[in-house]
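>>> sequence plus predicted model, see below.
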Amino acid sequence: CTNVGSGYQCQCSPGFQGTTCEVNTNVGNCNYTPCMNGGTCIASGNTFVCACPFGYSGGRCEEQT
């Protein structure tokens, strides 16, 4: 990532996206540990679901509740 004005901009490598390239777009694969904050990844076909621990929610357990 590089500084741009008062913020920053990231140029993601192939297979990654997001503000800081934190999202691996190979979503069917739990090997790269997509769930945050202790969430458990459950592979389901070509996608995955994160089982979030108490106090967290969101698709990747990224939101504190």
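Ah, there it is.
>>> name the nearest residue to the residue positioned nearest the centre of the chain, sequence neighbours excluded.
Nearest to the mean C-alpha position of the chain, by CA atoms, centre = their mean, lies Val23 at 4.1 Å. Of all residues not flanking Val23 in the chain, Gln17 sits nearest, at 5.0 Å (CB to CB, 6 or more residues apart in numbering). Any C-beta I mention is one placed from the backbone N, CA and C, and that applies to glycine too.
>>> count the neighbours of the one you found for me.
Each residue near Gln17 was counted by other CB atoms under 10 Å, and the total is 13.
>>> surely Gly59 touches Cys50?
Yes: if you go by CB atoms under 8 Å, Gly59 and Cys50 touch, sitting 6.6 Å apart.
>>> who's more crowded, those two?
A count of neighbours by other CB under 10 Å puts Cys50 above the other of Gly59 and Cys50, at 21 against 15.
>>> helix or strand right after whichever strand or helix holds the more buried one?
Assessed by DSSP states H and E, Cys50 sits inside strand 47-51. Per DSSP H and E, the first helix or strand lying C-terminal to strand 47-51 is strand 56-57.
>>> what helices and strands are in contact with that next one?
Contact here means 3 or more CB pairs under 8 Å, 6 or more residues apart in numbering; DSSP states H and E; on that basis strand 56-57 packs against strand 63-64.
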